[in-house]
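Student: Sequence and predicted structure, then a few things I'm wondering about:
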4 protein chains.
Amino acid sequence: MADIVAAGGRAVSVVADATSEADIVALFDQAGGDLELAIYNAGNNTPGKIIDMEAGYFEQSWRVVCFGGFLFGREAVRRMVPKGVGTLLFTGASASLRGRSGFGAFNSAKAGLRTLAQAMAKEYASDGIHVGHVVVDGAIGGEKIRKRFPDAASREDRLISIDGIVDSFVFLHKQPRRAWSFELDVRTSHENW
Amino acid sequence: MADIVAAGGRAVSVVADATSEADIVALFDQAGGDLELAIYNAGNNTPGKIIDMEAGYFEQSWRVVCFGGFLFGREAVRRMVPKGVGTLLFTGASASLRGRSGFGAFNSAKAGLRTLAQAMAKEYASDGIHVGHVVVDGAIGGEKIRKRFPDAASREDRLISIDGIVDSFVFLHKQPRRAWSFELDVRTSHENW
Amino acid sequence: MADIVAAGGRAVSVVADATSEADIVALFDQAGGDLELAIYNAGNNTPGKIIDMEAGYFEQSWRVVCFGGFLFGREAVRRMVPKGVGTLLFTGASASLRGRSGFGAFNSAKAGLRTLAQAMAKEYASDGIHVGHVVVDGAIGGEKIRKRFPDAASREDRLISIDGIVDSFVFLHKQPRRAWSFELDVRTSHENW
Amino acid sequence: MADIVAAGGRAVSVVADATSEADIVALFDQAGGDLELAIYNAGNNTPGKIIDMEAGYFEQSWRVVCFGGFLFGREAVRRMVPKGVGTLLFTGASASLRGRSGFGAFNSAKAGLRTLAQAMAKEYASDGIHVGHVVVDGAIGGEKIRKRFPDAASREDRLISIDGIVDSFVFLHKQPRRAWSFELDVRTSHENW
């Protein structure tokens, strides 16, 4: 899922194919000219041991998590730089920071996305573009997880609040040019990190 | 400087001797029972090459930056844990993250403070205490710097906004228990990092 | 370039197409059954700003630096795990650790490789496979650079010694199972880091 | 424990009071003029929750682990810089890198030592002094642990080899100026990191 918010707070939430250049371009064209905020949030976890892994599986993990982020980020700055303003945010995970047995494909793709975001933050700061990265450390609460785990409600306090994540995006977006953050982490008070 | 905010937003800003246990205890006693938020912000930069450095200079840098943070943090959690709520924030710098020639004393003290804060974040999360660390990467704008550098106004956009830093403290303080951040960085769009 | 060293110190140095699964498999088949040490060293720097970058360029950077490393690492552990012994090393760069303006594609691919290596180090340690990552921080001395820069000899002390890098590979390979390193950095005394 | 190796490989192993400036100076004076290699290895783990901790305990942890390292490192570079050669190594731990509940004092002191070492590495590289940091991640095998845990022999493979740690010091010491490492980690293949 990738979110784009145009001027006036109108949100365009899209389940485009994040790995298709044409789809990403179309997504931005549809968002229109007053693009303020773009959030790249694509990528499901892709577990698996490397020794057994098909090359196509490793590649697909990268396509959704990292390559899609490149396409999304590039299209965002192409539209934001001429106006000299805009916020581009990427969603990370604890997997972005440290490799872990059984998560090599996801680790690799997420670390690749994070370091791309860091390079872009430095590359477009002088153009007035604020690039940030939010490390979501843990499982996220919400409809989907409640359907999958009927007992999710009883352990709701162990699931990261979606509203809390959205607040962190809003906080980053509202920061003035004299106080930009590149990165923040978000987790519940129950997380063991 | 260390800030304490009691219930109802009443702020107690204090220039106590951060290295004196008695002063820190008195500071918290004065703040009263409804302590919500405590921010440790002490410590001036202490440049100097190690080869020429007096042991007392190295020690004093640690006393103000790190030991004072320990005293402050301990007194804060002693008052917050029984109530099961509270926010404890520490101010870091780029020096907290990487050693640099000419800044060994400051680097050492700031890195010591950051890792203490991280241990405390994990130690008191289950007690409902939110511990955070704000990495202020660059010089801060304000009255003091305007007096020291008469041309500071002309390069104001290269100085981190105090309001922006305060916003980051407020953001961390307002986060719900299901979406806590431990760390965020703050810098101007002009910073070369 | 990828190096494979079979039993008895016989080295197989190969300029295979690191992005071709068939080539990588053939490379390992050719090395034979007594594979002791495999070093993945592929990938030239790929500079460029993201805003101007073709999707194919970004992808090709990842293919050589990271995807090739996955194929190489997978084929290595497939042959080493059944024997319960072997060393698998990856070559990193300062770009593996931090994003930098103008190097987003390379940063992303190198960080992806590093975190993959870290996941593999944890995944195959209990199988007796030592996975390591050498962060080469700076330009490397040698024939190639002497041809490109006729004055390279005069600044030889600013170029990392190839022998020094090889020594670090040998050091990692010889470590006993009770004292394995995952990562070390290598740079000249002139490097500004 | 701090080790000093003078010319010709003559080792001076000393259990000086690492927190006493006079003792450290005397230690180096005793080692004589041909100092090649100095290793700072002092500091036992100091567990404890911050909320219950005496200020003196926190300070003593810092004195042994970090302040002693400053004194030791300063005296080493004072003797090495005039000769333009020498190796100065510090022993770290996983605690140097990440804060952990119950280890705030040790975390703070070890992180302070590591960042001091990094600053010194950059400060004295151009003087020909190689400063390094070895992250020992886990319990170390040897006489002491065998006395404390009679069954230690049966789990010897879970204890880091002292010889392996010494090998890493020797490796760093022998590196040429065109291929210096600042940091490497050492752990057994059984470590869960």
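Tutor: Thanks, I have the structure now. Numbers count the residues shown, from 1 in each chain, chains lettered A, B, ... in the order given.
Student: so what secondary structure elements neighbour the helix with the most length in chain A?
Tutor: Determined from DSSP state H, the single longest helix within chain A is helix A:104-124. Packing contacts for helix A:104-124, counted by 3 or more C-beta pairs under 8 Å, 6 or more residues apart in numbering or on different chains; DSSP states H and E, involve helix A:55-62, helix A:68-80, strand A:86-93, strand A:129-136, helix C:68-80, helix C:104-124. C-beta coordinates here come from the backbone N, C-alpha and C atoms, glycine included.
Student: buried ones in the first one?
Tutor: For helix A:55-62, the buried set under the neighbour-count rule, 16 or more other C-beta atoms under 10 Å in any protein chain shown, comprises A:58-62.
Student: And the pLDDT for the nearest residue to A:T91 once chain neighbours are set aside?
Tutor: Nearest residue to A:T91, sequence neighbours excluded (C-beta to C-beta, 6 or more residues apart in numbering or on different chains): A:N41, at 4.6 Å. pLDDT, A:N41: 90.
Student: ok, now A:K147?
Tutor: 67.
Student: circling back to that earlier point, where does the residue nearest to A:T91 fall, phi/psi-wise?
Tutor: Main-chain dihedrals, A:N41, degrees, to the nearest 10: phi -130, psi 20.
Student: One more: A:I140?
Tutor: According to degrees, to the nearest 10, A:I140 has phi -100, psi 130.
Student: Enumerate every residue touching it.
Tutor: Taking C-beta atoms under 8 Å, 6 or more residues apart in numbering or on different chains, we find A:I140 in contact with A:159-160, A:162, A:165.
Student: From A:S20, how far off is it?
Tutor: Taking C-beta to C-beta, to the nearest Å as the measure, A:I140 and A:S20 are separated by 25 Å.
Student: related to what we said a few turns ago, so which of the contacts of A:I140 wins on neighbours?
Tutor: A:I160 (23 neighbours; other C-beta atoms under 10 Å in any protein chain shown).
Student: Checking A:V5 next. Helix, strand or coil?
Tutor: strand (DSSP: H, G, I helix; E, B strand; the rest coil).
Student: Could you report the neighbour count for it?
Tutor: A:V5 has 21 neighbours, counted by other C-beta under 10 Å.
Student: Surely it is in contact with A:E36?
Tutor: Yes: between A:V5 and A:E36 there is a contact under C-beta atoms under 8 Å: 5.7 Å.
Student: so the residue nearest the centre of chain A bridges to which residues?
Tutor: Against the mean C-alpha coordinate of chain A, by C-alpha atoms, centre = their mean, the closest residue is A:T91 at 2.5 Å. As for beta bridges, A:T91 partners with A:V134 under DSSP bridges.
Student: OK, contacts around it?
Tutor: A:39-41, A:43, A:133-134, A:136, A:165.
Student: So it versus chain B, what's the distance?
Tutor: 13 Å (C-beta to the nearest C-beta, to the nearest Å).
Student: again, but for A:G73
Tutor: Counting by C-beta to the nearest C-beta, the gap from A:G73 to chain B is 17 Å.
Student: Right, I'll call it a day here.
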